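Undergrad: Give me coordinates for this.
(2 chains)
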Amino acid sequence: MQLIVNIIVLAAIYALLACGYVLIYRVSRVMNMAHGELTMLGAYLLLTTASLFAGHPVTAIAAAVTLSLAVGAFVYLLLMRKMTGEMVLAAILTTIAIGILLRGLVVLIWSAAEQHPLEALRVTNPSIELVGGARISTCAALMVLMTVLVYGSLFAFLRFGRWGMRMRAAGQNPLLAAQRGVNLHVVYALAWGLSTLTGSLAGMLIALDSGLDQTMVVIGLKAFAPALVGGLDSLLGALIGAGIVAGAEVLAIHYIDPLLSDVVPFLVLIAMLVVRPWGLFGTREELGRV
Amino acid sequence: MSRPPRRSGYFRTSYAQELALIGTRLERVSLALLAVALIAFPLVASPFALDLACQVFLASVGALSLMLLTGYAGQISLGHAGLIAAGAFTVGILFREANAPFWITLPAAALIGALLGIVFGLPSLRLRGLYLAVSTLALHFVVVYVGGEYEARRGFSTGIVIDPPRLGGLSITDNRAWYFILLAAAAATLLVSINLLRSRTGRAWRAIRARETVAEALGIGIAGHKLLAFVISSAITAVAGALFAYYRGFVSVEAFSLFLTIQYVAMVIIGGMGSLLGALLGAAFVTVFPYVIERALLALPGAQSYASLLFAVNYAAFGLVMIVFLMFEPLGLVGIWRRLQSYFLMWPFKHRPASGVRR
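TA: Sure, this is the predicted structure:
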C-alpha cells in the first residue's frame, strides 16, 4: 500500500515537472535543459518570500509563483528570443548555459547550504494516515492535488482559452499563426512563463517536503524522461509517462537497489527511444528516418 | 577543410603539393617556431603553468574527438563525459583487478570506447537532433552508474587510486615527462583528425552533416559513416579518459558529471564549430578560464570572504560566456581569428574583392 502511495507521489512530482518541458517544446520546439535550474530557482524564490511573509504560507507561495512566471517570461524575452529559428544544438546549448548561469547565481544569492523553507514559513508538515496503513505527508498530498489542478487547468486553458488556442496554433505552424496575427514572441514568452510556473510549483512543494539544496536540479533533469516517454508534445502523454517512470523507479528502488534511482528514468527513456522515439502520444511528423 | 585565406601568388602545380600539409615557407617557419616554443615551454614554465598546459592538451584530445563527431559529422552528443569516464574506468578496473601495464590498458580503453561508440551511435541511425542528444545523455548516466556501482561494490567508495605508468623500470611521475606525453597525444590526435577529414571518410561526414538525403543520393553509406564517426570519436575520447586517469592517478565518478560534458560541448562551441583549430582554441579557453576568474576574484579587495563562493562565480561566469558566444559570436574564437587574419591580409582594404569567391 505504501508502495502505491510512493508511486503516486513520485508520479505527481514528475508530471508537474514534465508538463514544463512539454509546454515549451509543444509551442516552440525547443527543449529546455534549464528546467531543473528554473525549478530550483522557484523553490529559492519561495525561501525569500517566506521570510517576507512569515506566517502567511498562502501569500508567500502566491508571491513566489507570480515571481516565477515573470522569471520564465523574462528568460525568454532576454535570452531565448534571439535563438528562435536557430539550429537545434544552439538552442539546447543556450538553455544549458542558462542553467549553469542560474546554478551559479543561486549559490551566490542564497548560499550552497541546505535550506528549509518549511521552517521559514512556520508551518508544519504532519503525515496523514490513509486506508491500509500507508502514510503520506501533507506536502506530498498537496503535490498530488496540485498536479491534478494544474493539469486540469492547463487542459482547459489550451482547449478553450483564447491564449491557449494561440499557443496551439503557434506550435502547429508558427508561420501561419504569425500571419493570422498571433504575436509569436508573446506566445513563446507565455509558454516559458507557464512552464517555469509549473516547475517552480513542483520545486516549492518538494522543498517544503524534504528541504532545498542544489540536488534539486537532478530531479528536474530526471523529469525529462517522463516527458519524452509520453511524447514531447503531449500533455496527456506527460501524465502517463510520469506514471510509468515513477512506477518503474519506485519498484526498482524497492526490489533491486536504491542506487538505481538516478538511472531508471534514463533506462526507461532509452527503451522508449529504441521502440518508439516519438513517445506514447507524441506526433511523429518531424522524425525522419534514414 | 576550409583553408585559411592566403596571399595571392601561391598555386599548386603538382599532386605532391596538393597533398602536402605545409605548403609555403611562412607556414614552415611558423610551425617550426611553434614547435620550438612548445618544446622550450617546460624548461621555463612554473609547475602551475606546466600542469595547466597538461590539462589543456588533455582537453584538446577530447575536444578534437567531439569536434569530429559534432562539428564535422553533425551528430550531437551529450554523452562525452560518459565516454571519458569509460576510458578512465577501463584503466582503473584493469589496473586494480589485473595490475595491467599501460600498454594493455590504453588499447583496452580505446577498444571499450569503440564498442561504446557503437552503442552511443546506434540511436543516431534512427534519431536526429534533439532526440539524439537526449539518447546520448541517457547513456551518459548509464555509464556513470556502472562506474559508481563498481566503486561501491569493490569498496573503492572514494575512488580508485592508480599508480603512475611504468616505462622500462622507472615510473612516470615528473610533470615534464607528462607534458611531452600529452603534447604528443594531442599532436597525434590532431594529425589523425586532419588526415581523416581530407580523406573520403571526412568528406562523407561533411556531406552527411550538410544534408543527409543528398549525401545518401550521392552514394554515401549513411549508417556506416555515422557509426564510424561515433566509433572513432569515442575511441579517441576513451583514450583521453585513460590518459586523464593516469595523469591524475585517481579515478572517481564524481569527476565525470554532466558538467564535464557541458564543458566539452562548450569548447567546441566557443572554439568554433567545424574547425579543428577551434577545438584547440576552445580547449585552451575553457581550461584556463576558471583559473583566470579565480585570479581576478582573489585580486579584488577582501578576497578571503569570496573564497568559498569561488565555484559559484565560476559557474555563473562560465554560463555567461557560453551565452555570449552562442548569441554574439556563433563562429567562436576561430571566427574572431579568421576576421583578424583577413583584416591584415586585406590591409589597407576592408573588404574582399568579390563575394562568393571564397568564404
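Undergrad: so A:Arg121 makes contact with A:Ala54?
TA: Wrong residue type there; residue A:121 is Leu, not Arg. Yes: with contact defined as C-beta atoms under 8 Å, A:Leu121 counts as touching A:Ala54 (6.9 Å). (Glycine included, C-beta is placed from N, CA and C.)
Undergrad: And those two? Which one has more around it.
TA: Under the criterion of other C-beta atoms under 10 Å in any protein chain shown, the comparison of A:Leu121 against A:Ala54 puts A:Leu121 first, with 23 against 13.
Undergrad: can you give me the helices for the stretch 151-290 of chain A?
TA: Assigned helices in the stretch 151-290 of chain A, in chain order: A:162-172, A:174-179, A:184-210, A:216-222, A:224-230, A:235-255, A:264-275 (criterion: DSSP state H, counting those that start in this stretch).
Undergrad: between those helices, which one is nearest to B:Glu18?
TA: Closest approach to B:Glu18 among the helices of the stretch 151-290 of chain A (C-beta to C-beta): helix A:264-275, 43.7 Å.
Undergrad: anything in the closest one near chain B?
TA: Yes: using C-beta under 8 Å from any C-beta of the partner chain, helix A:264-275 reaches chain B at A:266-267, A:269-270, A:273-274.
Undergrad: out of these, who has the most neighbours?
TA: The most crowded member of the residues of helix A:264-275 next to chain B, judged by other C-beta under 10 Å, is A:Leu269 (26 neighbours).
Undergrad: The nearest residue to it once chain neighbours are set aside: what's it in contact with?
TA: Spatial nearest neighbour of A:Leu269, excluding adjacent residues (C-beta to C-beta, 6 or more residues apart in numbering or on different chains): A:Ala225 at 4.2 Å. Going by C-beta atoms under 8 Å, 6 or more residues apart in numbering or on different chains, A:Ala225 touches A:14, A:241, A:245, A:265-266, A:268-269, B:138.
Undergrad: Give me the neighbour count for residue 218.
TA: By default, I'm working from chain A. 15.
Undergrad: oops, I was thinking of chain B
TA: Neighbours around B:Leu218, by other C-beta under 10 Å: 11.
Undergrad: What of A:Asp213?
TA: For A:Asp213, using other C-beta under 10 Å, the count is 19.
Undergrad: Could you do the one 3 residues further on as well?
TA: Counted with other C-beta under 10 Å, the burial measure for A:Met216 works out to 24 neighbours.
Undergrad: my guess is it meets A:Thr39, correct?
TA: Yes: assessed by C-beta under 8 Å, A:Met216 is found in contact with A:Thr39 at 6.3 Å.
Undergrad: Common neighbours of those two, please.
TA: Residues within reach of A:Met216 and of A:Thr39 at once, by C-beta under 8 Å, 6+ apart, are A:Gly203.
Undergrad: re the thing from before, wait, which of the residues of helix A:264-275 next to chain B is closest to B:Asn175?
TA: Scanning the residues of helix A:264-275 next to chain B for proximity to B:Asn175, where the rule is C-beta to C-beta, the winner is A:Phe266, at 38.1 Å.
Undergrad: For A:Thr84, give me the pLDDT.
TA: Here the pLDDT value assigned to A:Thr84 is 75.
Undergrad: still on that earlier bit, of the contacts of A:Ala225 - the most surrounded one?
TA: A:Gly241 (33 neighbours).
Undergrad: so what's it up against?
TA: Per C-beta under 8 Å, 6+ apart, neighbours of A:Gly241: A:14, A:18, A:225-231, A:279-280.
Undergrad: ok, now B:Arg176?
TA: Shown in contact with B:Arg176 (C-beta under 8 Å, 6+ apart): B:42, B:50.
Undergrad: Please, which helix or strand holds it?
TA: Counting by DSSP states H and E, the element that carries B:Arg176 is helix B:175-197.
Undergrad: I'd like to know which elements the helix or strand following that helix is packed against.
TA: The helix or strand immediately downstream of helix B:175-197 is helix B:200-210, counting by DSSP H and E. Helices and strands touching helix B:200-210, by 3 or more C-beta pairs under 8 Å, 6 or more residues apart in numbering or on different chains; DSSP states H and E, are helix B:175-197, helix B:212-217, helix B:222-248.
Undergrad: With respect to B:Asn99, which of the ones you listed lies nearest?
TA: So among the helices and strands packed on helix B:200-210, helix B:222-248 is nearest, using C-beta to C-beta, at 14.3 Å.
Undergrad: quick one: is that closest one near chain A?
TA: Yes: residues of helix B:222-248 contacting chain A under C-beta under 8 Å from any C-beta: B:222-223.
Undergrad: what is the rounded mean pLDDT of that helix?
TA: The model assigns helix B:222-248 a mean pLDDT of 93.
Undergrad: quick revisit: which positions in the helix holding B:Arg176 come out as buried?
TA: Residues of helix B:175-197 classed as buried: B:178-183, B:185-186, B:189-190, B:193, B:196-197 (neighbour count, 16 or more other C-beta atoms under 10 Å in any protein chain shown).
Undergrad: Return the alpha-carbon coordinates of it using CSV.
TA: Presented in CSV, the C-alpha positions along helix B:175-197 are these (Å, rounded to 0.1, in the frame of the first residue of the first chain):
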residue,chain,number,x,y,z
ASN,B,175,55.3,16.7,-14.8
ARG,B,176,57.7,17.5,-17.6
ALA,B,177,57.6,13.9,-18.9
TRP,B,178,53.8,14.2,-18.7
TYR,B,179,53.9,17.4,-20.6
PHE,B,180,55.6,15.7,-23.6
ILE,B,181,53.4,12.6,-23.4
LEU,B,182,50.2,14.7,-23.5
LEU,B,183,51.6,17.0,-26.1
ALA,B,184,52.4,14.0,-28.3
ALA,B,185,48.9,12.6,-27.7
ALA,B,186,47.3,15.9,-28.7
ALA,B,187,49.5,16.3,-31.7
ALA,B,188,48.8,12.7,-32.8
THR,B,189,45.1,13.3,-32.4
LEU,B,190,45.3,16.5,-34.4
LEU,B,191,47.3,14.8,-37.2
VAL,B,192,44.9,11.9,-37.4
SER,B,193,41.9,14.3,-37.5
ILE,B,194,43.4,16.4,-40.2
ASN,B,195,44.1,13.4,-42.4
LEU,B,196,40.7,11.7,-41.6
LEU,B,197,39.0,14.9,-42.6
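Undergrad: next one: that helix to chain centre, how far?
TA: 11 Å (C-alpha atoms, centre = their mean, to the nearest Å).
Undergrad: orientation of it relative to helix B:222-248 in degrees?
TA: On the basis of axes from the mean of the first three to the mean of the last three C-alpha atoms, to 10 degrees, helix B:175-197 is oriented at 170 degrees to helix B:222-248.
Undergrad: what angle separates helix B:175-197 from helix B:200-210?
TA: 70 degrees.
Undergrad: Which stretches in the stretch 51-200 of chain B count as helices?
TA: Applying DSSP H, counting those that start in this stretch to the stretch 51-200 of chain B gives helices spanning B:80-98, B:102-126, B:129-154, B:175-197, B:200-210.
Undergrad: related to what we said a few turns ago, quick one, which of the helices of the stretch 151-290 of chain A is packed in tightest?
TA: When you average the neighbours per residue for each of the helices of the stretch 151-290 of chain A (mean count of other C-beta atoms under 10 Å in any protein chain shown), helix A:224-230 leads with a mean of 31.
Undergrad: Which pLDDT does the model give B:Ser2?
TA: The model reports B:Ser2 with a pLDDT of 44.
Undergrad: Just put the contacts of A:Ala225 in CSV and tack on pLDDT and distance to A:Ala34.
TA: Below are the contacts of A:Ala225 laid out as CSV (pLDDT from 0 to 100; distance: C-beta to C-beta, whole Å):
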residue, pLDDT, distance to A:Ala34
A:Tyr14, 93, 18
A:Gly241, 92, 20
A:Val245, 92, 21
A:Pro265, 88, 18
A:Phe266, 87, 19
A:Val268, 89, 23
A:Leu269, 87, 19
B:Ala138, 86, 18
